[in-house]
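> no sequence for this one, just the structure:
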């Protein structure tokens, strides 16, 4: 998130007859928010003879540092769901 500076004016009729408004600025530094990352993917299986959609599945996953292990687990879940639904 980028930083920002905002000017704020406050006034209500005077400070001892000399000033009618006070201005102040507030600055926030840039910052980076971190947290869990999510990936949503959709897998579709089409009938090769006529091009009709035969099966679809949507899955969301959390960020994983080990891409190989995450991909292996993802494929097991998708293919397991296809086998359970008897499309493979």
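Received the coordinates, thanks. Not measured: the values here are computed from a predicted model. Residues are numbered from 1 along each chain as shown.
> quick one: average confidence on the one helix or strand residue 27 maps to?
Per DSSP states H and E, residue 27 falls inside strand 22-28. Across strand 22-28, the average pLDDT comes to 79.
> quick check: which helices or strands does it pack against?
Applying 3 or more C-beta pairs under 8 Å, 6 or more residues apart in numbering; DSSP states H and E, one finds that strand 22-28 contacts strand 4-10. Glycine gets a C-beta too; all of them are placed from N, C-alpha and C.
> still on that earlier bit, mind listing what's buried in the strand holding residue 27?
By neighbour count on 16 or more other C-beta atoms under 10 Å, the buried set for strand 22-28 is empty.
> what lines up beside it in the sheet?
As defined by DSSP bridges, the strand partners of strand 22-28 come to strand 4-10 (antiparallel).
> residue contacts, the residue nearest to residue 39 when sequence neighbours are not counted?
The shortest distance from residue 39 to any residue that is not its chain neighbour, by C-beta to C-beta, 6 or more residues apart in numbering, is 5.1 Å, and that residue is residue 61. Contacts for residue 61 (C-beta atoms under 8 Å, 6 or more residues apart in numbering) come out as 38, 39, 41, 70, 74.
> repeat that with 7 Å
39, 70, 74 (C-beta atoms under 7 Å, 6 or more residues apart in numbering).
> and of those, the nearest to residue 25?
Comparing those against residue 25 with C-beta to C-beta picks out residue 39 as the nearest, at 40.3 Å.
> state the helix or strand in which that closest one lies.
Residue 39 belongs to strand 38-46 when assigned by DSSP H and E.
> partner strands of the helix or strand just after that strand, parallel or antiparallel?
Sequence-wise, the next helix or strand downstream of strand 38-46 (DSSP H and E) is strand 53-62. Here strand 53-62 has these sheet partners by DSSP bridges: strand 38-46 (antiparallel).
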